[in-house]
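*Asks:* output the structure for:
(2 chains)
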Amino acid sequence: MLDIKFIRAFPDKVKYAVRVRKAKTDVDEILKLDDQRLEMLSHVESHRALRNSLSEQVSKTKVAKERAELIKEALRLKIELKKFENDLKILEGKLNEKLLYLPNIPCSNMPIGDGPDDNVELAVWTPLDGYLPKKKLGKGNSAAKYMPEANFKMKDHIELGKMHDMIDVEQSAITSGSRFCYLKNDAVLLQDALASLLKKKLVSEGFVPMMVPLLVKDRVLVGTSHFPEGRDQVYKIESDNVENRENLYLVGSSEPPLFAYFMDRTVSKMELPYKMFALTSCFRSEVGSWGKDVYGIKRVHQFDKLEMDVVTIPETSDETMEYLREINEWFLQQLQLPYRVLNKCSADAGYLASHKQYDAEVWLPSQREFMEVMTDTNATDFQARRLNIRFKDGGSTRYAHTVNDTGCAMGRMIISILDNYQKEDGTIKVPEALQKLMGKKEIS
RNA sequence: GGAGGGGUAGCCAAGCGGUUCAAGGCGGCGCUCUCGAAAAGCGUUUGGGGGCAACCCCAACGUGGGUUCGAAUCCCACCCCCUCCGCCA
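*Replies:* Take a look at the predicted model:
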């Protein structure tokens, strides 16, 4: 959510944001609605002021005749006021609806572009050579040529999953339909080891471990800006058997419940930055991508994810975003996986809240392509406004900033490891950092 | 599922149709005093609109309706929290 006062003061900046983020909304229409709203507001307020003074006079008047006159006048006023109040409510409703579709103002170093090909490489890393020299970094898919290659015929994660009895997408199709999976045996142990490695790191960094509600109200998802635009991505729960009969939604990420922990709260500046993480199941309808990535467990309706989210003061959100990226890179390097980090361009920077967004992508040698595994986003005060998250700064109250990042998307990290650590005979070496945690050195 | 009690500002808490500001306290911030601090005193503390400004106005007492010239206060519906009973992983 942008501040309406900001929109009034800098309409050109907002129009620019709408254009480069390719948002579907009309800023001029918003400004017009706001003008109408302000005009109606002043009608309503002046009428209320008059009503208040009339009823004050009534209370002070002892003479019955004068009293009756005043009440008669007040009644007339009341009818007019009612009409203005109604009109105001309608205008406010229309305006608020429109405001929900405005994107955040992009950061000055968010690349401007039309799609994935315009994403800019910030770093490319391989276990063998470390970081690629800066001058070799490019756009789009340019890093592919520097990435490791196998000298044998590689198997994809489904073949390997079947071979080691780790992944079953056939029985899940029977129980739940397409895009679900059973994980078994070493896949489960591997997931536990991944979680354990990262949790230890995060706890040592001072993150607060959380378990969070996976069913949330509409307002929470509006707050993080997953709604209204992404409404079709979310499973809605029928609430016939629930106390309040209010519809709840299955979260697609623990980001909404994590940030909503601070919803409608004013915290002290001392408490910030508040760093937290949660490992939860995530549920996504994947409407619109029903034909895409259907093979395997790369894009499923249910997966587990360890999410790292931070509430900060405005002055340090950029720093926090870089800090989370460092944790992402630390993790990928611990696992010795080849990867790159992209600065997402304006047309590809995710949901409306993004002020700036980085993706980490792991190289899959069997597919000869990168796969997104992490997304690091600075939402500045965009979500904080919608969720009403504030902090006391000296005498004043200000909106906080929110920064969110995928710590580890379990399914995709398992794919990454199977793909990169396979040997010609199909056995899979366990990454060194996980060997102790998993209790074995090899999946065979 | 049954029976009670409650929701008032950042926190605690009074008020239960009209005494211009929702009393009072705590905390926060500012000022005075001080070499500095403590203490004390004064002011301030939410959202919005108007004005160059000192200021003026409107809104806000869980949420939404209603009654009234006037609602924190009365009526209706809903939500949330607490205690006890029942059931339960």
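
*Asks:* so after the lengthiest helix in chain A, what's the next helix or strand?
*Replies:* When chain A is parsed with DSSP state H, its longest helix is helix A:64-99. Heading C-terminal from helix A:64-99, the first helix or strand you meet, by DSSP states H and E, is strand A:120-126.

*Asks:* which helices and strands sit right next to that following strand?
*Replies:* Applying 3 or more C-beta pairs under 8 Å, 6 or more residues apart in numbering; DSSP states H and E, one finds that strand A:120-126 contacts strand A:130-131, helix A:317-334, strand A:339-343. C-betas here are computed from N, CA, C, even on glycine.

*Asks:* still on that earlier bit, quick one: mean pLDDT over the longest helix of chain A.
*Replies:* The average pLDDT for helix A:64-99 rounds to 87.

*Asks:* beta partners for A:V362?
*Replies:* A:Y339, A:M371 (DSSP bridges).

*Asks:* how many other residues sit next to it?
*Replies:* 22 (other C-beta atoms under 10 Å).

*Asks:* how much space separates A:E372 from A:L306?
*Replies:* Distance from A:E372 to A:L306, counting by C-beta to C-beta, to the nearest Å: 16 Å.

*Asks:* comparing these two, which shows the higher neighbour count?
*Replies:* The neighbour comparison of A:E372 against A:L306 (other C-beta under 10 Å) goes to A:L306, with 22 against 15.

*Asks:* mind listing what's buried in stretch A:144-152?
*Replies:* A:M147 (16 or more other C-beta atoms under 10 Å).

*Asks:* hey, which of the helices and strands packed on strand A:120-126 is tucked in deepest?
*Replies:* strand A:339-343 (a mean of 24; mean count of other C-beta atoms under 10 Å).

*Asks:* output the contacting helices and strands for that strand.
*Replies:* strand A:120-126, helix A:317-334, strand A:356-364, strand A:369-378.

*Asks:* in JSON lines: the ones you listed, plus distance to RNA strand B.
*Replies:* Formatted as JSON lines, these follow (distance: least, C-beta to the nearest atom of the strand, whole Å):
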{"stretch": "strand A:120-126", "distance to RNA strand B": "36"}
{"stretch": "helix A:317-334", "distance to RNA strand B": "20"}
{"stretch": "strand A:356-364", "distance to RNA strand B": "25"}
{"stretch": "strand A:369-378", "distance to RNA strand B": "23"}
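
*Asks:* turn the ones you listed into a markdown table, including mean pLDDT.
*Replies:* Below are the helices and strands packed on strand A:339-343 laid out as a markdown table (pLDDT from 0 to 100):
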| stretch | mean pLDDT |
| --- | --- |
| strand A:120-126 | 96 |
| helix A:317-334 | 97 |
| strand A:356-364 | 97 |
| strand A:369-378 | 96 |
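
*Asks:* of the ones you listed, which is nearest A:S254?
*Replies:* Each of the helices and strands packed on strand A:339-343 has some distance to A:S254 by C-beta to C-beta; the shortest is strand A:369-378, at 13.5 Å.

*Asks:* what angle do helix A:317-334 and the closest one make with each other?
*Replies:* For strand A:369-378 and helix A:317-334, the angle between their directions (axes from the mean of the first three to the mean of the last three C-alpha atoms, to 10 degrees) works out to 150 degrees.

*Asks:* close to RNA strand B: what parts of chain A are there?
*Replies:* Within chain A, the residues that sit near RNA strand B (C-beta under 7 Å from any atom of the strand) are A:4-5, A:38, A:41-42, A:44-46, A:48-49, A:51-56, A:58-59, A:71, A:74-75, A:78, A:89, A:243-246, A:266, A:392, A:394-397.

*Asks:* tell me which of the residues you listed fall in helices.
*Replies:* Short answer: these in helices (DSSP H) are A:4-5, A:38, A:41-42, A:44-46, A:48-49, A:51-56, A:58-59, A:71, A:74-75, A:78, A:89.

*Asks:* the residue of chain A found nearest RNA strand B: neighbour count?
*Replies:* As assessed by C-beta to the nearest atom of the strand, RNA strand B sits closest to A:G395 within chain A, at 2.7 Å. For A:G395, the neighbour count with other C-beta under 10 Å is 5.

*Asks:* possible to save the helices and strands packed on strand A:339-343 as CSV with distance to A:F259?
*Replies:* Compiled in CSV, the helices and strands packed on strand A:339-343 are given as follows (distance: least, C-beta to C-beta, whole Å):
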stretch, distance to A:F259
strand A:120-126, 25
helix A:317-334, 13
strand A:356-364, 16
strand A:369-378, 12
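
*Asks:* just for the stretch 151-300 of chain A, where's the confidence low?
*Replies:* A:239-246, A:290-292 (pLDDT under 70).

*Asks:* picking that back up, weed out the non-buried ones from the ones in helices among the residues of chain A next to RNA strand B.
*Replies:* A:I4, A:V44, A:R51, A:L54, A:V58, A:A74.

*Asks:* quick one, what contacts the fifth one?
*Replies:* For A:V58, the contact set (C-beta atoms under 8 Å, 6 or more residues apart in numbering) comprises A:R67, A:L70, A:I71, A:A74.

*Asks:* tell me the one of the residues you listed nearest A:L418?
*Replies:* Using C-beta to C-beta, the contacts of A:V58 come closest to A:L418 at A:A74, 76.7 Å.

*Asks:* OK, contacts around the closest residue in space to the closest one that isn't next to it in sequence?
*Replies:* Leaving aside its chain neighbours, A:A74 sits nearest to A:L54 (4.5 Å; criterion: C-beta to C-beta, 6 or more residues apart in numbering). Applying C-beta under 8 Å, 6+ apart to A:L54 gives the contacts A:L70, A:E73, A:A74, A:L77.

*Asks:* mind doing that once more with 10 Å?
*Replies:* With contacts defined as C-beta atoms under 10 Å, 6 or more residues apart in numbering, A:L54 is in contact with A:L70, A:I71, A:E73, A:A74, A:L75, A:L77, A:K78.

*Asks:* any idea how many residues pack against A:S346?
*Replies:* Counted with other C-beta under 10 Å, A:S346 comes out at 23.

*Asks:* so it touches A:N109, yeah?
*Replies:* No - between A:S346 and A:N109 there is no contact under C-beta atoms under 10 Å: 11.2 Å.

*Asks:* excluding its backbone neighbours, what's nearest A:I158?
*Replies:* A:G296 (4.6 Å).

*Asks:* host element of A:R179?
*Replies:* A:R179 belongs to no helix or strand, assigned by DSSP H and E.

*Asks:* give me the distance between A:L194 and A:G411.
*Replies:* 11 Å.

*Asks:* so what's in contact with those two at the same time?
*Replies:* A:D304.

*Asks:* compare neighbour counts for the two and give me the winner.
*Replies:* More neighbours surround A:L194 than the other of A:L194 and A:G411, with 28 against 24 (other C-beta under 10 Å).
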